[in-house]
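Enquirer: from the sequence below, what's the structure:
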Amino acid sequence: PIAANDWSVGVGTGPFVFGDFLERRVRVVTGEGPPAFTTVVLSAATRAGGSVDIGRRIHDRWAVRLEGTFTNAPLRLEQKNASGDGNELNGADLDVTTFMLPLVFRINRNGAIRFHVMAGPALALYRGNAPAGEASEPLFEETQKEIGGAFGGGVGWWLSDQFAIEGNITDIITTSPFEREDFS
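Expert: A predicted model of the protein is given here:
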């Protein structure tokens, strides 16, 4: 963040790790022996993305931050059998944009190394793209909006009163953009 009195502006990059959007357990009957169960999981691959934020200090220990993050990741379909092995198939791409408005609590407000925790509401926007080079339909008719929450923490290395290098880990939890009706 670059501070201007009580305001700060930040830009960043880092990996985006996605949870499971959909998990389905399927019973496979082959006619020989007992039925086997297979679990199919739909997720997105881990990809790098960017973030931009603007913050406002409310008190020595408290601040509020508006942050937007942006990434594009291929969907990943993994089939797990009883032994835990699976196969990954790359499918369509998913553009994900999130906005969050966390309240930030600064654990220590002075010193070169400063820690903080944060929590607040979040909005995730998912837009699906058809696989490259194929003339298929997009994943969604329109952008899917999911409301949820964000929480996390971080540490800042303050090089001066006006400039810091900050590292954050944030978890944004929303419902899946996929509906049961999307899959037969």
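
Enquirer: find the nearest non-adjacent residue to residue 159, please.
Expert: Take residue 159 and drop its neighbours on the chain: the residue closest to it by C-beta to C-beta, 6 or more residues apart in numbering is residue 165, 7.0 Å away. Where C-beta positions appear, they are placed from N, C-alpha and C, glycine not excepted.

Enquirer: adjacent strands (with direction) for the helix or strand containing that neighbour?
Expert: Using DSSP states H and E, residue 165 sits in strand 164-174. Paired neighbours of strand 164-174 in the sheet (DSSP bridges): strand 144-158 (antiparallel).

Enquirer: for the strand it pairs with, the averaged confidence score.
Expert: In this model, strand 144-158 has a mean pLDDT of 94.

Enquirer: now it, how far from the centre of its chain.
Expert: On the basis of C-alpha atoms, centre = their mean, to the nearest Å, strand 144-158 sits 9 Å off its chain's mean C-alpha point.

Enquirer: so who does the closest residue to residue 11 other than its chain neighbours touch?
Expert: With C-beta to C-beta, 6+ apart as the criterion, residue 11 has its nearest non-adjacent residue at 5.5 Å, and that residue is residue 52. Counting by C-beta atoms under 8 Å, 6 or more residues apart in numbering, residue 52 touches 10, 11, 12, 67, 68.
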